[in-house]
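Peer 1: I need the structure of the sequence given here:
(4 chains)
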Number of protein chains: 2
Amino acid sequence: MVKKARSSPRREEALSRDRIVEAAIELLDGDGEGSLTLRTLSERLATGPGAIYGHVANKSDLLTAACDTIVVRAVATAPGKTPQANLRALALAMFDAMDAHPWVGSALIQSAGQMPMVRLLERIGQQLRALRVPDDAQWAAASALLHYMLGVGGQNAANAQFARARGADRSDFLDAVAAAWSRLDPAEYPFARSVAGQLRAHDDRVDFLAGIDLILRGLKSPRGR
Amino acid sequence: MVKKARSSPRREEALSRDRIVEAAIELLDGDGEGSLTLRTLSERLATGPGAIYGHVANKSDLLTAACDTIVVRAVATAPGKTPQANLRALALAMFDAMDAHPWVGSALIQSAGQMPMVRLLERIGQQLRALRVPDDAQWAAASALLHYMLGVGGQNAANAQFARARGADRSDFLDAVAAAWSRLDPAEYPFARSVAGQLRAHDDRVDFLAGIDLILRGLKSPRGR
DNA sequence: ACCTGAACACCGTTCAAGT
DNA sequence: ACCTGAACACCGTTCAAGT
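Peer 2: Take a look at the predicted model:
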């Protein structure tokens, strides 16, 4: 927790991309998305802001690299017995990663078409092949699963940042949302109001998996109207 | 296209929240997410940056309000014959809105728990009730549909911004992504590589609807393993 | 009461100067 | 070759001063 104890914290190890990314993850995990600044980062690395650009193209590249580090760990789950089990395990691993590192959700969305997203898409696609999903249905299925995960992750990240900005924790945030939804016009917002009361009781992790299962069920049922 | 023709462009109409939001939308649509600045906005409104804070709490509030304006229009679709038809129409209206205004996707994700998102959730929930989805399954279904839409929208927004940053259009961007995916290790990324070639041929709108239909199919099929 | 716009406290990024 | 850190061109936001 001590921030600058030593007056001349000369670096022992040389600056490297890995060390920079690692420090960025620590910053993001510790104090949220807003705390990652080229200045705070270079301070933590005991260097100047310019030095970082020797190893990283720009801030966006850095964020994608940090995100990729987390995703690599998350998708490296032990293979299960069935493709369904693998998909569920992958989904839960990603949920847990995005829950532990709330900034990953938004970084993942921002990294459209780049490595972290491709890793995820690849794992999903491979399990769909193992599930013997027809070739012409694989893309739609993979895309649905991927975008669903991205949506949940992005929303999770927004919630976390919103709560942090108000100095509140997740629980206070949910209370505030539930209260706001309860104040909506009953004639116009019956569903939101009915859901508001249950908002607090829900387990996001269970809900997330229920969404995955819903999509997987759709995959097994016959196509066409 | 002329930016400052008159030297003293005195405002005719008084400043109002609506006029500010309207100008913000024009800026966002015209030059992308990065172009919305309190300074550019106040310039366009022929006032100082401070004046805007009399009608809008902060930039985040402004972005949410702009997003809400678009969402209100999009969800106001004529009722169809069946709940399924309504859900598909709602999904397509949202896709078209997020396609025409690429910044809406990220604004929607950022506005966690606030009006634009609630409007969407409410429309989805009402159709699920009409579909006679059991009470205890409504939340999971609504959440899956909502998060899927958010994921696609967010990804769309990221693509658009990425392409704009490179001065490329959507087509160039897709070419670059397809080329990058084709360069991946065939042993490790068979799925991404197989999909890379088709990337250009896909119609995002059709794919989006396919995802919605996949979730709806899952809803109709029996639960449990 | 509302607007104005200079000022504050930041950003990401660059690049001459150092080692 | 690599690091340093001042400097540049911006941000969102505030607030004394004006009307």
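Peer 1: just want the angle from the helix or strand A:Arg205 falls within to helix B:204-220.
Peer 2: Assignment of secondary structure by DSSP states H and E places A:Arg205 within helix A:204-220. Angle of helix A:204-220 versus helix B:204-220, following axes from the mean of the first three to the mean of the last three CA atoms, to 10 degrees, is 100 degrees.
Peer 1: so helix A:204-220, near chain B or not?
Peer 2: Yes. Applying CB under 8 Å from any CB of the partner chain, one finds helix A:204-220 touching chain B at A:207, A:210-211, A:213-220. Every C-beta, even on glycine, is put in place using the N, C-alpha and C of the backbone.
Peer 1: list the helices and strands that helix packs on?
Peer 2: Counting contacts by 3 or more CB pairs under 8 Å, 6 or more residues apart in numbering or on different chains; DSSP states H and E, helix A:204-220 packs against helix A:83-100, helix A:135-165, helix B:135-165, helix B:204-220.
Peer 1: quick check, A:Leu121 in contact with A:Ala142.
Peer 2: Yes. A:Leu121 sits in contact with A:Ala142 when judged by CB atoms under 8 Å, with a separation of 6.0 Å.
Peer 1: domain parsing for chain A?
Peer 2: In terms of domains, chain A is parsed into A:13-56, A:57-220 (source: automatic domain parsing).
Peer 1: element containing the closest residue to A:Ala107 other than its chain neighbours?
Peer 2: Closest residue to A:Ala107 apart from its sequence neighbours, by CB to CB, 6 or more residues apart in numbering or on different chains: A:Cys67 at 3.7 Å. Taking DSSP H and E as the criterion, the element that holds A:Cys67 is helix A:59-75.
Peer 1: in that helix, what's buried?
Peer 2: A:60-71, A:74-75 (16 or more other CB atoms under 10 Å in any protein chain shown).
Peer 1: how about the nearest residue to A:Val118, chain neighbours excluded?
Peer 2: Here the residue nearest A:Val118, using CB to CB, 6+ apart, is B:Ala192, at 5.2 Å.
Peer 1: and the residue in chain A positioned nearest to DNA strand C, how many neighbours does it have?
Peer 2: When scored by CB to the nearest atom of the strand, chain A has A:Gly50 as its residue closest to DNA strand C, at 2.8 Å. Number of residues near A:Gly50 (other CB atoms under 10 Å in any protein chain shown) recorded here: 9.
Peer 1: roughly how far apart are A:Ala144 and A:Arg129?
Peer 2: Separation of A:Ala144 from A:Arg129 (CB to CB, to the nearest Å) stands at 16 Å.
Peer 1: mind checking which of the two has more residues around it?
Peer 2: A:Ala144 (28 against 16).
Peer 1: OK, contacts around the residue nearest to that one when sequence neighbours are not counted?
Peer 2: In space, and not counting its chain neighbours, A:Ala144 is closest to B:Gly211: 3.8 Å by CB to CB, 6+ apart. For B:Gly211, the contact set (CB atoms under 8 Å, 6 or more residues apart in numbering or on different chains) comprises A:140, A:143-144, A:147, B:148, B:152.
Peer 1: can you tell me the SS state at the residue in chain A that DNA strand D sits nearest to?
Peer 2: The minimum distance from chain A to DNA strand D, using CB to the nearest atom of the strand, falls at A:Gly50 (1.4 Å). At A:Gly50, secondary structure determined by DSSP: H, G, I helix; E, B strand; the rest coil is helix.
Peer 1: spatially central residue in chain A, please.
Peer 2: A:Gly105 (2.6 Å; CA atoms, centre = their mean).
Peer 1: contact partners for that residue?
Peer 2: Counted by CB under 8 Å, 6+ apart, A:Gly105 has contacts A:98, A:150, A:152-158.
Peer 1: quick check, pLDDT for it.
Peer 2: A:Gly105 is assigned 98 on the pLDDT scale.
Peer 1: how near is A:Val75 to B:Val152?
Peer 2: 21 Å.
Peer 1: contacts for the lowest-mean-pLDDT helix or strand in chain A, please.
Peer 2: Every helix and strand in chain A was compared by mean pLDDT, DSSP states H and E; the lowest is helix A:170-182, with a mean of 92. Outside helix A:170-182, the residues that touch it by CB under 8 Å, 6+ apart are A:159-160, A:162-163, A:166, A:168, A:189, A:192-193, A:195-197, A:199-200, B:113, B:118.
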